[in-house]
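Q: give me the fold of what follows.
(chains A and B)
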Amino acid sequence: MTVEEQANYVGNVGLSKNLFLKDKKHRYYIVSALAHTNVDLKVLSQRLGLGKGGLRMAPEEALGEILQVPLGSVTPFALVNETARNVSLLLDQGFRTQEHCFFHPLSNDISISLNTNGLDKLLKSIEKEPTYVDLEASPLVGKDQPPDLAAFVPSTSMVLPDTQAEVSSSKTSAGNQISPVSTDSKSITVTAKANKPSSNNKSVKVQPANGEKSLICSADVGNFVDEILEKTSTLCLSEITEDSIKQHGGKLGDVIANSIRKHLTSDLKNLATIFKNTAYTEGFNAGTKYQPKRL
Amino acid sequence: MENKDEKNGEQEQVVNPWEVSAKDGGKIDYDKLIDKFGCQKLDQSSSELSHVKRVERLTGRPAHVFLRRGVFFAHRDFDDILNAYERGEKFYLYTGRGPSSEALHLGHLVPFMFTKYLQDAFKVPLVIQLTDDEKCMWKNLSVEESQRLARENAKDIIACGFDISKTFIFSDFDYVGGAFYKNMVKVAKCVTYNKVVGIFGFTGEDHIGKVSFPPVQAVPSFPTSFPHLFSGKDNLRCLIPCAIDQDPYFRMTRDVAPRIGYHKPALIESSFFPALQGESGKMSASDPNSAIYVTDSAKDIKNKINKHAFTGGQESIEKHRKYGANLEVDIPIKYLNFFLEDDAELEHIKKEYGAGHMLTGEVKKRLIEILTELVERHQRARASVTEEMVDAFMAVRPLPNMFD
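A: Okay, here's the model as predicted:
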């Protein structure tokens, strides 16, 4: 249900809104604020260091894919989902002046009451630092004044499978549902949020721009060799054409060998360096955990 | 930090670590700069004794594009490095980055691409300094934020393809101390307050952090700053590839070095990477269209080059066919100068475009191809950099195979 409807049940105290936003580099944000707090996306965008107009409402698909919530149910609780791991959360410091919090527990037909203590405990348990921000502030951002909210920009971007047709979701009210939220006056000072890198994250799959096989970074000999052979045979085959056979005849072998050397040396060296660095890192890591022989 | 020359009414070009601007919004005069700084021009002639030829002979491979095309155009004591190398004396490389922003663009990569080539060609070790303390002070970032940026930038640097068995990356906040700090104090004792004011233009209003920073950037030039790497090799020479605006730090360092018993570090310096909008444009972190970023998609690159690159093409096709393009100001040609490896192809394009036979669109198309490949390759490499890999590159550990 919408905010207005909810107000009928819960009253007007501490109504709030939850916005699900996206920037141009496919990074996502939840902005959770009191309903009457004026959230200016242009200002926020600058304070995050995204320039003017760097923030948009996230498309509908993102709600399902990333937050795993239906339309109209954006809530900080959604961050418990693994898929929302890289979503940044900005909380209105205005919450601290209110007594109770109401949030959707992942669906907007019920609300749960919480105070900021509870909310903070929840966030900490999923390794998110609860930080409250003055969302109405409009500080100057320029050459000598770095964006004050830059620490909130996620370090990882998430490219959804079908973001080719970027639907600007200004029309959907998906991210804009206002739920009644009010907060306790436990204050937590705004600290620069240092995103703790996940230390066990060795395999990183990234959506490559042209749909190539994605690179799994463990020092996998099989994959490494496959990739080399793939590149070499592709190049080889592309050079063997009716014309080139006619042109070079028996010498075609030499010509192709030279071409391979010329076009692939740099590429393969880069691949090999990545492989070497990955293998070294594995060894180094093992070395730091090595237990000396018991004598 | 403003340069006091401007107040004389005559607008001089300004080149220092914190500001680069040309006279009257025109081009940087590099010859004047070399004169003013007192460094030497690299010899790019076809003579057998030219630097380019010597490097090719010593390394047994073609010189890097940046060296052949004069991107790296100035030096201090590069001859000494080459002479020593010929005698079998090795050296190590030192370069760095001030992590002021997360977004790196192609201009940032230039010194790292060249340094990687030097590491591979000469088979020498490399130390990379991330001056998070500097950015914390000059850009007023929090300590945590500057450390975070340093780590993020380290990933892009690693993605340039450095060999982990020969490379040590360190951040000032992590590493300053011990032998490094001892050298900092030795250097600091040799530079008066008046001298730093003269070199860097500090004023009474600048905080003491800034005033005491220069030794931090100076001492990686001395092998004794890295006892875990170079112990017993106190005589090892150092070569510093950097952009020419860093020269003041190393002028100071070279002045001090003999007084504390060390070799002067050698330098090899590059010109500035032009903004998309042209030589007089400024690349700015808040204008994403002033540069190609390493996070740009193929679509972004195509868009930026087609819509925002300043060209020397004429206004109409007829005029263009008649007069040809102005290669002096054409950004696509300048970018191709940096990134198109094939000398013959570049010559051909310059000739045809300059004569008006080739149109701007074609030149841009070729550039887009090359940049897209470059950026995609970088992104792939970047994706394979894990937190553990960063930790390993930044660990204080010996590099037993660093000269292999």
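
Q: switch to C-alpha atoms for all contacts and neighbour counts from now on
A: Noted.

Q: what kind of secondary structure is the residue in the stretch 1-150 of chain A that chain B sits nearest to in?
A: Ranked by Cα to the nearest Cα, the top residue of the stretch 1-150 of chain A for proximity to chain B is residue A:51, at 5.7 Å. Per DSSP: H, G, I helix; E, B strand; the rest coil, the secondary structure class of residue A:51 is coil.

Q: how about residue A:31?
A: Under three-state DSSP, residue A:31 comes out as strand.

Q: what's the answer for residue A:22, then?
A: Relying on three-state DSSP, one would call residue A:22 strand.

Q: could you verify my assumption that it touches residue A:53?
A: No: the pair residue A:22 / residue A:53 is not scored as a contact, 11.0 Å apart, by Cα atoms under 8 Å.

Q: which one of the two has more residues nearby?
A: A count of neighbours by other Cα atoms under 10 Å in any protein chain shown puts residue A:22 above the other of residue A:22 and residue A:53, at 21 against 14.

Q: ok, the more buried one - contacts?
A: By Cα atoms under 8 Å, 6 or more residues apart in numbering or on different chains, the contact set of residue A:22 is A:28, A:29, A:55, A:56, A:57, A:58.

Q: need those in CSV (columns: distance to chain B and neighbour count).
A: Listed next are the contacts of residue A:22 as CSV, based on distance: Cα to the nearest Cα, whole Å; neighbours: other Cα atoms under 10 Å in any protein chain shown:
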residue, distance to chain B, neighbour count
A:28, 16, 27
A:29, 18, 23
A:55, 14, 23
A:56, 17, 20
A:57, 20, 23
A:58, 19, 26
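
Q: list phi and psi for residue A:16.
A: Torsion angles at residue A:16 (phi, psi; degrees, to the nearest 10) stand at phi -140, psi 170.

Q: my guess is the residue of the stretch 1-150 of chain A closest to chain B meets residue A:45, correct?
A: Yes: the criterion here is Cα under 8 Å, and residue A:51 meets it with residue A:45 at 6.0 Å.

Q: residues from the stretch 151-300 of chain B in reach of chain A?
A: B:161, B:162, B:163, B:164, B:165, B:286, B:287, B:297, B:298 (Cα under 8 Å from any Cα of the partner chain).

Q: any of these buried? List them.
A: The neighbour-count test (16 or more other Cα atoms under 10 Å in any protein chain shown) marks B:161, B:162, B:163, B:164, B:165, B:297, B:298 as buried among these.

Q: which phi and psi values does residue B:294 adopt?
A: phi -70, psi -10.

Q: hmm, it is touching residue B:105, no?
A: Yes: assessed by Cα under 8 Å, residue B:294 is found in contact with residue B:105 at 5.6 Å.

Q: quick one, domains of chain A?
A: Structural domains annotated on chain A: A:3-152, A:218-295, as defined by automatic domain parsing.

Q: quick check: closest non-adjacent residue to residue A:43.
A: residue A:138 (6.4 Å; Cα to Cα, 6 or more residues apart in numbering or on different chains).

Q: state the pLDDT value of that neighbour.
A: Residue A:138 is assigned 78 on the pLDDT scale.

Q: so it versus residue B:96, what's the distance?
A: 35 Å (Cα to Cα, to the nearest Å).

Q: longest helix of chain B?
A: In terms of residue count, the longest helix belonging to chain B (DSSP state H) is helix B:360-383.

Q: pLDDT value on residue A:50, please?
A: Looking at residue A:50, its pLDDT stands at 83.

Q: where does residue 279 land on pLDDT?
A: Since you didn't name a chain, this refers to chain A. 96.

Q: that was the other one, I meant chain B.
A: Note for residue B:279: predicted pLDDT of 79.

Q: ok, it - contacts?
A: B:26, B:27, B:329.

Q: give me the below-cutoff pLDDT ranges for the stretch 1-150 of chain B.
A: B:1-11, B:25 (pLDDT under 70).

Q: which residue ranges of it form strands?
A: Assigned by DSSP state E, counting those that start in this stretch, the strands in the stretch 1-150 of chain B fall at B:14-16, B:19-21, B:40-41, B:72-76, B:91-97, B:126-130.

Q: so which of these gets nearest chain A?
A: Of all the strands of the stretch 1-150 of chain B, strand B:19-21 comes closest under Cα to the nearest Cα, at 12.0 Å.

Q: neighbouring strands - and their directions - for that closest one?
A: Here strand B:19-21 is paired, per DSSP bridges, with strand B:14-16 (antiparallel).

Q: contact partners of the partner strand?
A: Here strand B:14-16 has contacts from B:3, B:20, B:21, B:22, B:23, B:200, B:245, B:246, B:247, B:248, using Cα under 8 Å, 6+ apart.

Q: out of those residues, which are buried?
A: B:3, B:21, B:22, B:200, B:245, B:246, B:247, B:248.

Q: quick one: low-confidence ranges for the stretch 201-350 of chain B?
A: For the stretch 201-350 of chain B, counting by pLDDT under 70, the residues that fall below are B:281-282, B:284-286.

Q: one more time with 90, if that's ok
A: B:201, B:277-290, B:313-317, B:320-324, B:328 (pLDDT under 90).

Q: how about stretch A:41-49: buried residues?
A: So, applying 16+ other Cα under 10 Å, buried residues of stretch A:41-49: A:41, A:43, A:44, A:45, A:46, A:47, A:48, A:49.

Q: looking at those, which are in helices?
A: Per DSSP H, the buried residues of stretch A:41-49 map to helices at A:41, A:43, A:44, A:45, A:46, A:47.

Q: higher neighbour count, residue A:138 and residue B:96?
A: Taking neighbours as other Cα under 10 Å, residue A:138 and residue B:96 compare with residue B:96 leading, 21 against 12.

Q: who does the more buried one form a beta bridge with?
A: Bridge pairing for residue B:96 - DSSP bridges - gives residue B:129.

Q: what average pLDDT does stretch A:102-115 get?
A: So the average pLDDT for stretch A:102-115 ends up being 73.

Q: check the offset of that stretch from the chain's centre.
A: 24 Å (Cα atoms, centre = their mean, to the nearest Å).
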